[in-house]
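Student: Need a 3D model of the following:
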Amino acid sequence: MLDWTLTIVGLIATLGLCVVANWRAGLPWDDMHPRKVPWRGVLVFSTFVFVLLLVHLVNLLGVETGPDKSPFGRF
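Tutor: Alright, predicted model coming up:
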């Protein structure tokens, strides 16, 4: 049960971080106040973590993933 809870909390947290990073990255550039946080990098990283957690949630549902279960075989 703890796996489900942590995965769902992680999904919600990374989705929130994706939304905030997307909003902050889309703000107009201001030369007087440069950005201290690279929001596009934060957006890419948080999206990557979100996809990993989504695959983990699918694995918790019982779907087996991985190269041995691929319909295209092992590369």
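Student: what sits up against the helix or strand containing residue 50?
Tutor: Taking DSSP states H and E as the criterion, the element that holds residue 50 is helix 39-60. Here helix 39-60 makes contact (Cβ atoms under 8 Å, 6 or more residues apart in numbering) with 3-4, 7-8, 10-11, 14-15, 17-18, 21-22, 24-25, 65. Just so you know, the C-beta spots here come from the backbone N, C-alpha and C atoms, and that holds for glycine as well.
Student: For it, list the C-alpha coordinates in CSV.
Tutor: The C-alpha coordinates for helix 39-60 follow below in CSV (Å, rounded to 0.1, in the frame of the first residue of the first chain):
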residue,chain,number,x,y,z
TRP,A,39,13.2,26.5,-15.6
ARG,A,40,13.3,24.7,-18.9
GLY,A,41,15.8,22.2,-17.4
VAL,A,42,13.5,21.8,-14.4
LEU,A,43,10.6,21.2,-16.7
VAL,A,44,12.5,18.5,-18.7
PHE,A,45,13.7,16.8,-15.5
SER,A,46,10.3,16.9,-13.8
THR,A,47,8.6,15.5,-17.0
PHE,A,48,11.2,12.7,-17.1
VAL,A,49,10.5,11.8,-13.4
PHE,A,50,6.7,12.0,-14.1
VAL,A,51,7.0,9.5,-16.9
LEU,A,52,9.2,7.1,-14.8
LEU,A,53,6.6,7.3,-12.0
LEU,A,54,3.8,6.7,-14.5
VAL,A,55,5.6,3.5,-15.7
HIS,A,56,6.1,2.5,-12.1
LEU,A,57,2.3,2.9,-11.5
VAL,A,58,1.5,0.8,-14.6
ASN,A,59,3.9,-1.9,-13.2
LEU,A,60,2.1,-1.8,-9.9
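Student: average pLDDT for that helix?
Tutor: The predicted model gives helix 39-60 an average pLDDT of 95.
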